[in-house]
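**Student:** Sequence and predicted model, in that order:
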Amino acid sequence: MSLSQSFLAHIAQTSPAPIGIEVQRAAGIYLYGPNGERWIDFISGICVSNVGHAAKEVIAAIQAQSERYLHPMVYGEAIMRPQVLYAQQLVALLDQPLERVYFVNSGAEAIEGALKIARKYTARSKILSCWNAYHGSTYGALSVTGNPWMREGYGPFVPEVSHIHFNSFEDIAQIDQSVAAIVIEPIQGAGGVVLAQKGYLQAIRNRCDETGTLMILDEIQTGFGRTGTLFAHQSMEFVPDILVLAKALGGGLPLGAFISSREIMSVIQQNPPLGHLTTYGGHPLCCAAGLAAFNKILDEHLLDKISSLEHSLQTHLQHPAIGELRGMGLMYALILKDRQQAEKVRKSALAKGLLTIGFLSIDNGLRLTPPLTMTTEEMEMACGILVEAMEEL
């Protein structure tokens, strides 16, 4: 049995038609197959590999930490240097009162933790989120995911969760004194890179302040330079009550976090103590890798080059088949006429050496989220492949 046959036979499948490329190794912006194939990773492992693949700083940090220790204790009881240093670095670059970090294993788990502390801190039970949002596949995260077809067959869900329309200023009135929290993305990623309208998130922030509702901001996809600033909300002049991070947080290893104030985070310490637990969350190997990747973004001033990369993408990705090219920074959606066109372009681009993927909530778009380490020449080459693929429509 070949490896691809074993993959189909023994790996639980998540779709009827997986991409199915075999990755033998990865370096920089490229994935490599066993027979000399090479693909530009134009999705960064879906916003994970922001500093590219196999960055020497990240590999060195993993190797060094692996020689010290791996898992000495469940989360929060022992002092582990990689955890502490990473939390310190994150907090130093966030605004007050975001000062306490709880590391977990994934974005979905971070959403779960944020929902738990919001309900306990406010002593309220109602949660709001947005239609077309995606926050994860565990039950709490799926309950606040505003995509009906993703939820089909899995109910019943966590009670007292309602959805409002993203960018609807009128719907903000649904945030009232009965609502514990609203969980929202600054840009709807799986929804097809839908940007918040000017003033919308600030209006939600103001309404939360008026009603005592907590604002949970899901920056799982938008964090770590993806939109041109370190975190997307930092260009929008507001601070959430709870910030949720994952994907690029781990530098390629599994890591998530929810970050809030000392006061809000204190609710898991007592009544009962150990109110939120994780065995592997904040694994020292993952924290070491994440911190190395984070420092690479800072030390190499990768944020400074995003505007030129974005300009190159906008300049070189032009074709009559494009219905819309929307996004910011290095987070874009290429919108085509219909699902058939999107799938044809995706498959053609893959055959020509470029990997992209669609979205969960729309079927006529392709995700463009390349590594921040890409050069303008590489961006031009990648866009050229997509244009060639569109020429074949």
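**Tutor:** That came through fine.
**Student:** Might one say that Val48 is in contact with Ala248?
**Tutor:** Yes. If you go by CB atoms under 8 Å, Val48 and Ala248 touch, sitting 5.8 Å apart. Where C-beta positions appear, they are placed from N, C-alpha and C, glycine not excepted.
**Student:** Please identify which of those two sits among more neighbours.
**Tutor:** Using other CB atoms under 10 Å as the criterion, Val48 and Ala248 rank with Ala248 on top: 29 against 25.
**Student:** can you give me the strands for the stretch 1-150 of the chain?
**Tutor:** Taking DSSP state E, counting those that start in this stretch, the strands of the stretch 1-150 of the chain run over residues 25-27, 30-32, 38-41, 100-104, 126-130.
**Student:** now the stretch 151-300 of the chain
**Tutor:** Using DSSP E, counting those that start in this stretch, strands in the stretch 151-300 of the chain cover 161-164, 179-184, 187-188, 194-195, 214-218, 242-245, 256-260.
**Student:** so which of the ones you listed comes closest to Met381?
**Tutor:** Nearest to Met381, of all the strands of the stretch 151-300 of the chain, is strand 187-188, at 25.9 Å by CB to CB.
**Student:** still on that earlier bit, please name whichever of the strands of the stretch 1-150 of the chain is nearest to Ile59.
**Tutor:** strand 25-27 (10.2 Å).
**Student:** how distant is the closest one from the center of its chain?
**Tutor:** 21 Å (CA atoms, centre = their mean, to the nearest Å).
**Student:** again with stretch 271-279
**Tutor:** That offset, for stretch 271-279, works out to 25 Å (CA atoms, centre = their mean).
**Student:** Number the residues from 658 up from this point.
**Tutor:** Got it, the first residue is 658 from now on, which makes the last one we talked about stretch 928-936.
**Student:** residues in contact with it?
**Tutor:** When contacts are defined by CB atoms under 8 Å, 6 or more residues apart in numbering, stretch 928-936 is touched by residues 731-732, 759-762, 766, 770, 773-774, 777, 924-926.
**Student:** Could you do stretch 797-815 as well?
**Tutor:** Against stretch 797-815 from outside (CB under 8 Å, 6+ apart): 764-765, 768-769, 772-773, 784, 786-794, 796, 818, 820, 840, 847, 1017-1018.
**Student:** What of stretch 732-745?
**Tutor:** 722, 729-730, 758-761, 934-939, 941-942, 944-945, 947-948, 951.
**Student:** any idea of the mean pLDDT for stretch 860-868?
**Tutor:** Here stretch 860-868 scores 98 as its mean pLDDT.
**Student:** For that stretch, buried residues please.
**Tutor:** 861-862, 864-865, 868 (16 or more other CB atoms under 10 Å).
**Student:** Restricting to C-alpha, output it in CSV.
**Tutor:** Only the C-alpha atoms of stretch 860-868 are listed here, as CSV (Å, rounded to 0.1, in the frame of the first residue of the first chain):
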residue,chain,number,x,y,z
ALA,A,860,-18.9,51.1,18.5
ILE,A,861,-19.0,47.5,19.9
ARG,A,862,-16.3,48.4,22.4
ASN,A,863,-18.3,51.4,23.6
ARG,A,864,-21.5,49.4,23.9
CYS,A,865,-19.7,46.7,25.9
ASP,A,866,-18.5,49.5,28.3
GLU,A,867,-22.0,50.8,28.7
THR,A,868,-23.5,47.4,29.5
